[in-house]
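Q: give me a model of this one.
(chains A, B, C and D)
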2 protein chains.
Amino acid sequence: MAPTIRDVAEASGVSISTASKGLHGKGRMRDDTRDRIIAVARELGFRPNLNASSLTSGRTFTVGLLTRDGYGRFTPTLLGGIEDSLTAETSSLLLCDARRDTVRERHYLDALIAKRVDGLIITGRATDPTPHAPRNLPFPVVYAYRTSDDPTDTSVTVDDEHGGYLAGRQLLRQGCRSILHLTGPAHYLAVTERISGARRALAEHGLELPDERVVHLPFDENQAYRSVNRLLERFPDTDGIFCGNDQLGRGVADALTAAGRRVPEDIALVGFDNWTLLAAHTRPPLTSIDMNLYSLGRTVGETMLNSINGSATPGVVKQTCMLAIRESCPAPAEGDPVWTSDYPMIPDA
Amino acid sequence: MAPTIRDVAEASGVSISTASKGLHGKGRMRDDTRDRIIAVARELGFRPNLNASSLTSGRTFTVGLLTRDGYGRFTPTLLGGIEDSLTAETSSLLLCDARRDTVRERHYLDALIAKRVDGLIITGRATDPTPHAPRNLPFPVVYAYRTSDDPTDTSVTVDDEHGGYLAGRQLLRQGCRSILHLTGPAHYLAVTERISGARRALAEHGLELPDERVVHLPFDENQAYRSVNRLLERFPDTDGIFCGNDQLGRGVADALTAAGRRVPEDIALVGFDNWTLLAAHTRPPLTSIDMNLYSLGRTVGETMLNSINGSATPGVVKQTCMLAIRESCPAPAEGDPVWTSDYPMIPDA
DNA sequence: GTGAAAGCGCTAACAC
DNA sequence: GTGTTAGCGCTTTCAC
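A: Model (predicted):
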């Protein structure tokens, strides 16, 4: 049984309230009294029961993290950022994976209410808006990566349009003028935003990315591998390909190489996600767009802390992307934001 | 402010203690009284404050999850399993990522003690034994994936020897007799155990895997890509390669194809990890060993619940692996355990 | 059947 | 300076 403040008080010959004040540096008391209390507490290995103090303080220093569709490839990095910023107030994350099951989700929400978390972060595996949580939750909600379908909620997400813009600019800097875009299913918001961004970049140079040069595939490496050379027969002038993610990028790179085309000399390539494992090990390594998920996580955590402390900033915040330049499109960035280092501790994925 | 049991009691015209009993189906009381209490509670949206009840119950229904070296590629799947088994007792996970920093770790342990978690799961990104946690923690500890350096602690991990054995057997069934093993650095326990397992399989057929045919590289696809053809010059009789993980497997597959060798006709390939993203999209798709991490997670969670309930089963439990058969080594499994489905909800990584 | 009272561990207002 | 007291939300024992 863990020692209580009562044990500390008795062992140091003071009352419980004096012990409490002594431990928290509050109130006035003789220095030696305070020192004695602290010494005794340390000796006993006393750790105040946060559940007890939460009754009076109203804070649990715990934030729920609800993912609606499982943990994905981006989750670890995002989590790292959130955790790091929450530790500023020694808060920690309570994990809830609803697995697209409404019953599970309600169950988790009830558990989070029962535990009186200070706030809730709702996330998911795509950036598309998600139905907002019930309105009567007794704590603030922040949407991360996935936004809320109500734009007046607080959401922090990726600026995919900017990512697409960076990708387009980078291909242009490489000298490409006839660009092809291989990407995922059109129902993803990220997919359409990346297209808009690329178009904006091209437009700045008086170029276009017509609909027929935008090809939607499943986000599957093999599909890209099998499709790309056929596409190049249709668009033989192509000198640059913007791939909707690194999986597609990898498939494209492998197919081009197999067909005897040189990357980037004949065709330059830009991917998306900067998933090191894939991008850095493609032959040649892929230039890609980094979404700065660690940093996004930090912003999410800080936003959460602000919401808890009442200084809410509702609305959607979009975080810009960075260029991770590698050999598949090596042009110097010329002022565009460049990704250099990884997440503080390099993940193995 | 969330409604309290007092609100429920007043609104239903009974005392607090009656309300408590009514809500928990305890004690004797008139049916209509109980019904009224429950109805009122539902109407008010009452959720009992678990922090308050933890004071008397001694249970918080929260389990800490401490990772010492960050979240890796295996974490999401493992987490999924742990979470699923913990929900059996409506417990949830409190996340702590110590990032190889002892100060952070101590900080997290203190936070977990302060929150009076019911137990602690310690994990990491490799299976190698990790220094055990302080002995005076006021809750049970279970080591997951990474074992404790004290074998009398409770650890649940992967049976890498068995994985290596399955890999070896599969190559043999494919007809391979001259096997090469490309794997990671020898300081990983998993690496040496997988070697032992492969040797055991070969020995059953009177074959050997001599030291010079075991090649240690960094776990890096490009290293494998660059090394394998040189190695084949040195061991030209090779008809099967066991790769220490799927990254190496992918590098090997690509290099073999580029050199004009056919997989599996000339050389069969088995990887390890069954990392779908990589294994299923290699050309040809890689046969691999699945560590059943979701199931491992479930075992970890159940072990945790048992420890909490006092029915401890100290010691190291190792969970067997499965064969994920694909084209790079397609021989039928003949009774060996075969991996079929993925984690309940398919992760995108 | 129902309720009063004590107590879980801690904090804070107010005495002394 | 230090202690007494009340109370946070809930459970449980024990009267009535």
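Q: for the residue nearest to A:Ala11 when sequence neighbours are not counted, give its distance to B:Pro134.
A: Leaving aside its sequence neighbours, A:Ala11 sits nearest to A:Val40 (Cβ to Cβ, 6 or more residues apart in numbering or on different chains; 4.8 Å). Quick note: C-beta positions are derived from backbone N, CA and C, even for glycine. Distance from A:Val40 to B:Pro134, counting by Cβ to Cβ, to the nearest Å: 20 Å.
Q: neighbour count: those two, which is higher?
A: More crowded of A:Val40 and B:Pro134, by other Cβ atoms under 10 Å in any protein chain shown: A:Val40, with 22 against 11.
Q: which parts of the stretch 151-300 of chain A sit against chain B?
A: Residues of the stretch 151-300 of chain A found near chain B (Cβ under 8 Å from any Cβ of the partner chain) are A:Phe219, A:Asp220, A:Glu221, A:Asn222, A:Tyr225, A:Gln247, A:Gly251, A:Asp254, A:Leu277, A:His281, A:Arg283.
Q: B:Ile5: which of these is nearest?
A: Among these, A:Phe219 lies closest to B:Ile5 (Cβ to Cβ), at 49.8 Å.
Q: tell me if I'm right that that closest one and A:Asp246 touch.
A: No - shown here, A:Phe219 and A:Asp246 do not form a contact pair, counting by Cβ atoms under 8 Å, at 9.9 Å.
Q: between the two, who's got more neighbours?
A: Between A:Phe219 and A:Asp246, A:Asp246 has the larger neighbour count (other Cβ under 10 Å), namely 27 against 17.
Q: for the more buried one, list the residues it contacts.
A: Neighbour list for A:Asp246: A:Gly271, A:Phe272, A:Asp273, A:Asn274, A:Trp275, A:Leu278, A:Ala279, A:Thr282, A:Leu286, A:Ser288 [criterion: Cβ atoms under 8 Å, 6 or more residues apart in numbering or on different chains].
Q: apart from its neighbours in sequence, what residue is nearest the fifth one?
A: So the one you mean is A:Trp275. Once flanking residues are discounted, A:Trp275 sits nearest to A:Asp246: 4.7 Å by Cβ to Cβ, 6+ apart.
Q: separation between the one you found and A:Tyr145?
A: According to Cβ to Cβ, A:Asp246 stands 17 Å off from A:Tyr145.
Q: A:Pro138 now?
A: In terms of Cβ to Cβ, A:Pro138 sits 24 Å off from A:Tyr145.
Q: these two: who's more crowded?
A: Neighbours per residue (other Cβ under 10 Å) separate A:Pro138 from A:Tyr145, with A:Tyr145 holding more: 27 against 13.
Q: so the more buried one makes contact with A:Asp160?
A: No - using Cβ under 8 Å, A:Tyr145 is not in contact with A:Asp160, being 11.0 Å away.
Q: what sits in contact with each of these two?
A: Counting by Cβ under 8 Å, 6+ apart, the residues touching both A:Tyr145 and A:Asp160 are A:Thr127.
Q: what segments of the stretch 201-349 of chain A are helices?
A: Taking DSSP state H, counting those that start in this stretch, the helices of the stretch 201-349 of chain A run over residues A:221-234, A:246-258, A:276-279, A:293-308.
Q: write out the residues of the stretch 51-200 of chain A neighbouring DNA strand C.
A: Proximity of the stretch 51-200 of chain A to DNA strand C, by Cβ under 7 Å from any atom of the strand, involves residues A:Ala52, A:Ser53, A:Leu55, A:Thr56, A:Ser57.
Q: which parts of chain A are strands?
A: Remark: strands assigned in chain A by DSSP state E are A:62-67, A:92-97, A:119-123, A:141-144, A:154-158, A:179-183, A:214-216, A:240-243, A:268-270, A:288-290, A:315-319, A:322-324.
Q: export these to TSV and tack on distance to DNA strand D, mean pLDDT and mean neighbour count?
A: Below are those laid out as TSV (distance: least, Cβ to the nearest atom of the strand, whole Å; pLDDT from 0 to 100; neighbours: other Cβ atoms under 10 Å in any protein chain shown):
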stretch	distance to DNA strand D	mean pLDDT	mean neighbour count
strand A:62-67	16	97	25
strand A:92-97	18	95	24
strand A:119-123	18	98	26
strand A:141-144	21	98	26
strand A:154-158	26	98	25
strand A:179-183	50	98	25
strand A:214-216	51	98	18
strand A:240-243	53	98	29
strand A:268-270	55	98	30
strand A:288-290	45	98	30
strand A:315-319	31	97	15
strand A:322-324	46	97	24
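Q: any chance of a markdown table for these, columns distance to A:Gly25?
A: Putting these into a markdown table (distance: least, Cβ to Cβ, whole Å) gives the following:
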| stretch | distance to A:Gly25 |
| --- | --- |
| strand A:62-67 | 24 |
| strand A:92-97 | 24 |
| strand A:119-123 | 27 |
| strand A:141-144 | 32 |
| strand A:154-158 | 34 |
| strand A:179-183 | 57 |
| strand A:214-216 | 62 |
| strand A:240-243 | 57 |
| strand A:268-270 | 55 |
| strand A:288-290 | 44 |
| strand A:315-319 | 37 |
| strand A:322-324 | 43 |
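Q: and A:Pro285, how close does it get to DNA strand C?
A: To DNA strand C, A:Pro285 is 54 Å away according to Cβ to the nearest atom of the strand, to the nearest Å.
Q: ok, and what's touching stretch A:256-269?
A: Taking Cβ under 8 Å, 6+ apart as the rule, stretch A:256-269 contacts A:171, A:174-176, A:228-229, A:232, A:238-241, A:243, A:249, A:252-253, A:283-284, A:286-287, A:327-330.
Q: rerun that using 7 Å as the cut-off
A: Residues outside stretch A:256-269 that contact it (Cβ atoms under 7 Å, 6 or more residues apart in numbering or on different chains): A:171, A:174, A:176, A:228-229, A:238-241, A:243, A:249, A:252-253, A:283-284, A:286-287, A:327-330.
Q: report the buried members of those.
A: Buried residues within those, counting neighbours by 16 or more other Cβ atoms under 10 Å in any protein chain shown: A:171, A:174, A:176, A:228, A:238-241, A:243, A:249, A:252-253, A:283-284, A:286-287, A:328-329.
Q: is stretch A:324-334 positioned near chain B?
A: No - residues of stretch A:324-334 are not located near chain B by Cβ under 7 Å from any Cβ of the partner chain, the shortest gap being 12.2 Å.
Q: what about that stretch, distance to the chain center?
A: Its chain's C-alpha centre and that of stretch A:324-334 lie 24 Å apart, by Cα atoms, centre = their mean, to the nearest Å.
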